[in-house]
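Peer 1: Below are the sequence and a predicted model; questions follow.
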Amino acid sequence: MAREIVVYADESIRRGRYFSDFYGGAAVRAEHIEEVRTSLARVAEGANLRRELKWQKVSASYLDKYIAFVNAAFDLVVADKMKVRVMFTENSLVPQNLTEYHRQNAYHILYRYFLKYGFGFEYAGQPGQLTRVRLYLDALPGTREGNAAFRGRINALEEYPPFRCAGIVFPSDQIAEVRSHDHIVLQLVDVIVGAIQFRLNDGHKVKAPGAARRGGKTIAKEKL
């Protein structure tokens, strides 16, 4: 019987002040998935966070509740029940020799690189046993045909020699586009990726035009 790793992945801003193209994901071994989902959902419900959790919704009135949610998530990381990874580009490092294909397909190309290199799947295999990666991707932009081609390229990652040697497979029927509203782990990814891009791009210093002080939401997000 194949082992299974469940990955929830999302992306944030395409272009930031200093850093861009943020991709994030959480990886959970199948034997821990119910514990992770239940633990996060319990904290969210206990804090009366019944609607979808998102970085954009963080405010002073909800700050303590979001802190409790993120603390619970990092407790799961410390307990080795979940791994969180984030990838982004640095604006000062300008890509060279890009073709028109690269420019038109940058979103999918970078997403594939994130899934290929971000989680260390080549070290996740077990001798004599397949390890299946199940992907839950927040709804992809672009055309139906383009997204289908992207899923095909993700499936083809299992032919990457280090993955093949480790028995890592990406079954095409386990690569799904989902709504983050329905997946508490994907909501966590949104919050963490949002926080990282906010801080790296000096979002905590932003003031409204003409304002002498930062807004309450900005201060709350900095604290989180």
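Peer 2: Received, thanks. In this text the structure is predicted, and so the values were computed from the model without any measurement.

Peer 1: On the pLDDT front, check Met1 for me.
Peer 2: Per-residue confidence at Met1 stands at 61 (pLDDT).

Peer 1: any idea which helix or strand carries the residue nearest to Val43 when sequence neighbours are not counted?
Peer 2: In space, and not counting its chain neighbours, Val43 is closest to Ala72: 4.3 Å by Cβ to Cβ, 6 or more residues apart in numbering. Quick note: C-beta positions are derived from backbone N, CA and C, even for glycine. For Ala72, the enclosing helix or strand under DSSP states H and E is helix 63-78.

Peer 1: Run through the neighbouring helices and strands of the helix or strand that that helix is followed by.
Peer 2: Toward the C-terminal end, the helix or strand that comes next after helix 63-78 (DSSP H and E) is strand 83-90. Here strand 83-90 is seen to pack against strand 19-29, helix 63-78, helix 106-117, helix 184-200 when contacts are counted using 3 or more Cβ pairs under 8 Å, 6 or more residues apart in numbering; DSSP states H and E.

Peer 1: rerun that using 6 Å as the cut-off
Peer 2: strand 19-29 (3 or more Cβ pairs under 6 Å, 6 or more residues apart in numbering; DSSP states H and E).

Peer 1: any idea how far the strand it packs on is from the chain center?
Peer 2: With Cα atoms, centre = their mean, to the nearest Å as the basis, strand 19-29 stands 3 Å off its chain's centre.

Peer 1: Start at 537, not 1
Peer 2: Let's use 537 as the start, then, which means that last one is strand 555-565.

Peer 1: mean confidence score for it?
Peer 2: Averaged across strand 555-565, pLDDT comes to 97.

Peer 1: What angle do helix 599-614 and the next helix or strand after it make with each other?
Peer 2: The first helix or strand that comes after strand 555-565 along the chain, using DSSP H and E, is helix 569-582. Going by axes from the mean of the first three to the mean of the last three Cα atoms, to 10 degrees, helix 569-582 is angled at 170 degrees with respect to helix 599-614.

Peer 1: Now do the buried residues in helix 569-582.
Peer 2: Ile569, Val572, Ser575, Leu576, Val579, Ala580 (16 or more other Cβ atoms under 10 Å).

Peer 1: Ok, stretch 707-719 next?
Peer 2: Of the residues in stretch 707-719, Gln710, Ile711, Ser716, His719 count as buried by neighbour count, 16+ other Cβ under 10 Å.
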